[in-house]
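K.L.:
Give me the fold of what follows.
(chains A and B, ligands or ions: 1)
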Amino acid sequence: MSINRRAAIAVAGWAALETRLARARQPARVFTPREVELLDPVSEMISPADRHSPGARAAGVSEYIHLIAANSPPEDQQRWRGRVQAFAQFAEKSQGKPFQALGPAQRKAVLASLAPEESHPRTEAGHFFADMKQITISAYYTSRIGLPDELEHKGNQAMSVFPVCAQPIKGHA
Amino acid sequence: MLHPSKDFRTHTWPWELKYRGHGRPGEYDGLWKINAYTDHLYTNPRQDTCRSQPEFHWTRLRAVGGRTNTWGRACFRHGPLDFKTKSKQGFGEEWPISYEELAPWYGKAERLVGIRGGRDSYFNMPDGVYAGPAHNPRCTELWMKGRAAKIGVPVLPERTAVLSVTDDGRRRLAHDISPMA
Ligand SMILES: Cc1cc2nc3c(=O)[nH]c(=O)nc-3n(C[C@H](O)[C@H](O)[C@H](O)COP(=O)(O)OP(=O)(O)OC[C@H]3O[C@@H](n4cnc5c(N)ncnc54)[C@H](O)[C@@H]3O)c2cc1C
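P.N.:
Just a heads-up that it's a prediction; the model follows:
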């Protein structure tokens, strides 16, 4: 895929999300459309489209989150909902407006203030950030964009010899 | 009959599976080796009708030839300690045979199977009879080895029944192997 085409897919706004969700034939909804407007940009901020590669949106991360949440046991769905709501409240309280109405710098500030909690979340909003980061990474690197295109993973292959490591990773003793 | 080109999902990409290879949330929790890539091959122990103790994990293949079709090809010998844990380490039971008695039979089996592995002379991990040296480490494994060495932890290559050397006149193929254990 050309860089231009990648970029075009990546910048297609989340207005198209509803259509894409319908196409992916999602089962029962877990998130409200308003919450979708929050999940989608958060995952894109965690793994943004840039010069190097397309981002979470292009890799279908939101669809994946919906699929997982919608097929999880009821208590897990409750947890997802509780955490997304806690995040929405946190964003509004700290920036004075709903997350959906914030500009890029303010959105970034919201995530930056939760990021330190990532490894040991103390609040439900912190949990939401940690969950989102984990599921975004998981979805991104199991997509075509993330796995073969970005990581250059070749997939399982038959080889007649197993090659010697040609470019040792810097810093190995 | 298992048909390798039809029945194995070894070359399936995660996005070709509904849940990107993870399965419906919770579907495979606690099951060993049974996942979105393999569940068509195995019986599901949760649906077994025979009674067994919960700590037993059955992995039964639904195919002629059994698990020998799907094993990981790791071929380690047990070491002297493993046969005499009670007297040497104070737990378990003694085997009625010792490592020394079994060693020649390990050698026969290794020659029959065809194994690549290193001469590592590592404690309680006896070297065997290998058709070729261990597979080359990947870059990440080299890195890991270097880092682990700093805290005194050895990183050794796996002994594996994946040949890419000629053995007994048979040429064999390496296939997406993980050469380090
Ligand atoms: C995913 C996986 C990875 C593994 N990795 C390793 C590894 O890396 N290294 C290692 O050493 N071991 C490994 N193992 C274990 C190893 O595969 C098994 O221990 C070994 O294959 C068992 O061989 P077997 O001949 O005893 O049984 P199997 O190969 O399972 O054969 C049993 C046969 O009996 C047949 N059978 C069952 N019931 C009946 C019946 N009532 N009547 C007639 N036939 C019947 C079955 O169809 C089958 O063909 C692994 C196992 C699995 C599942």
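K.L.:
all strands for the chain, in order.
P.N.:
You didn't pick a chain, so chain A it is. A:158-159 (DSSP state E).
K.L.:
actually chain B
P.N.:
B:174-175.
K.L.:
Which residues of it lie near the ligand?
P.N.:
By CB under 6 Å from any ligand atom, the residues of chain B that approach the ligand are B:33, B:59, B:61, B:64-68, B:70-74. For glycine as for every other residue, the C-beta is placed from the backbone atoms N, C-alpha and C.
K.L.:
hmm, try it at 8 Å
P.N.:
By CB under 8 Å from any ligand atom, the residues of chain B that approach the ligand are B:32-33, B:38, B:42, B:59-61, B:63-76, B:160.
K.L.:
what's the pLDDT at residue 96?
P.N.:
Picking chain A for this. For A:G96, the model assigns a pLDDT of 96.
K.L.:
meant chain B, my bad for not saying
P.N.:
Per the predicted model, pLDDT is 97 at B:P96.
K.L.:
do the same with A:R34
P.N.:
The score at A:R34 is 87. That number is its pLDDT.
K.L.:
what sits against the residue lying closest to it once chain neighbours are set aside?
P.N.:
Once flanking residues are discounted, A:R34 sits nearest to A:Q100: 7.1 Å by CB to CB, 6 or more residues apart in numbering or on different chains. Neighbour list for A:Q100: A:R34, A:E37, A:L38 [criterion: CB atoms under 8 Å, 6 or more residues apart in numbering or on different chains].
K.L.:
where's the residue nearest to B:H11 when sequence neighbours are not counted relative to the ligand, distance?
P.N.:
Take B:H11 and drop its neighbours on the chain: the residue closest to it by CB to CB, 6+ apart is A:N156, 5.4 Å away. Separation of A:N156 from the ligand (CB to the nearest ligand atom, to the nearest Å) stands at 15 Å.
K.L.:
Which pLDDT does the model give A:N156?
P.N.:
Reported pLDDT for A:N156: 84.
K.L.:
One more: A:I3?
P.N.:
pLDDT, read off for A:I3, is 43.
K.L.:
what helices or strands is the lengthiest helix in chain A leaning on?
P.N.:
Ordering each helix of chain A by length in residues (DSSP state H) puts helix A:74-95 first. Judged by 3 or more CB pairs under 8 Å, 6 or more residues apart in numbering or on different chains; DSSP states H and E, helix A:74-95 is in contact with helix A:33-46, helix A:61-70, helix A:104-114, helix A:124-140.
K.L.:
tell me the most buried of the ones you listed?
P.N.:
Neighbour counts (mean count of other CB atoms under 10 Å in any protein chain shown) averaged over each of the helices and strands packed on helix A:74-95 peak at helix A:61-70, with a mean of 23.
K.L.:
follow-up on the earlier one: looking at the contacts of A:Q100, spot the one nearest chain B.
P.N.:
A:L38 (21.3 Å; CB to the nearest CB).
K.L.:
For that closest one, give me its contacts.
P.N.:
A:V84, A:F87, A:A88, A:F99, A:Q100.
K.L.:
Distance-wise, check B:L112 relative to B:M125.
P.N.:
Applying CB to CB, to the nearest Å, the value for B:L112 to B:M125 is 21 Å.
K.L.:
Neighbour count for the two, which is higher?
P.N.:
Neighbour totals were compared for B:L112 and B:M125, and B:M125 leads with 17 against 10 (other CB atoms under 10 Å in any protein chain shown).
K.L.:
per-residue pLDDT, that one?
P.N.:
pLDDT, read off for B:M125, is 96.
K.L.:
For the closest residue to it other than its chain neighbours, the count of nearby residues, please.
P.N.:
Nearest residue to B:M125, sequence neighbours excluded (CB to CB, 6+ apart): B:G79, at 5.7 Å. Other residues near B:G79 come to 13 when the count uses other CB under 10 Å.
K.L.:
Then B:E16?
P.N.:
Neighbours of B:E16 (other CB under 10 Å): 12.
K.L.:
same thing with B:R67?
P.N.:
For B:R67, the neighbour count with other CB under 10 Å is 13.
K.L.:
quick revisit: closest to the ligand out of the contacts of A:L38?
P.N.:
Distance to the ligand, by CB to the nearest ligand atom, is smallest for A:V84 among these, at 37.8 Å.
K.L.:
Report the contact partners of that closest one.
P.N.:
A:F31, A:E35, A:L38, A:L39, A:F128.
K.L.:
Report the separation between the second one and B:T59.
P.N.:
Spelled out, that is A:E35. Applying CB to CB, the value for A:E35 to B:T59 is 40 Å.
K.L.:
Among the residues of chain B next to the ligand, the buried ones, what's the PyMOL command?
P.N.:
Buried residues among these (16 or more other CB atoms under 10 Å in any protein chain shown), as a PyMOL selection:
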select buried, chain B and resi 33+38+42+61+63+70+73+75+160
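K.L.:
returning to what we had before: from the contacts of A:L38, which has minimum pLDDT?
P.N.:
For the contacts of A:L38, the least confident entry is A:Q100, with 93.
K.L.:
for chain B, what spans make up the helices?
P.N.:
Assigned by DSSP H, the helices in chain B fall at B:4-7, B:80-83, B:85-89, B:99-113, B:139-150.
K.L.:
centre of the chain versus the second one, how much separation?
P.N.:
The one in question is helix B:80-83. On the basis of CA atoms, centre = their mean, to the nearest Å, helix B:80-83 is displaced by 19 Å from the centre of the chain it belongs to.
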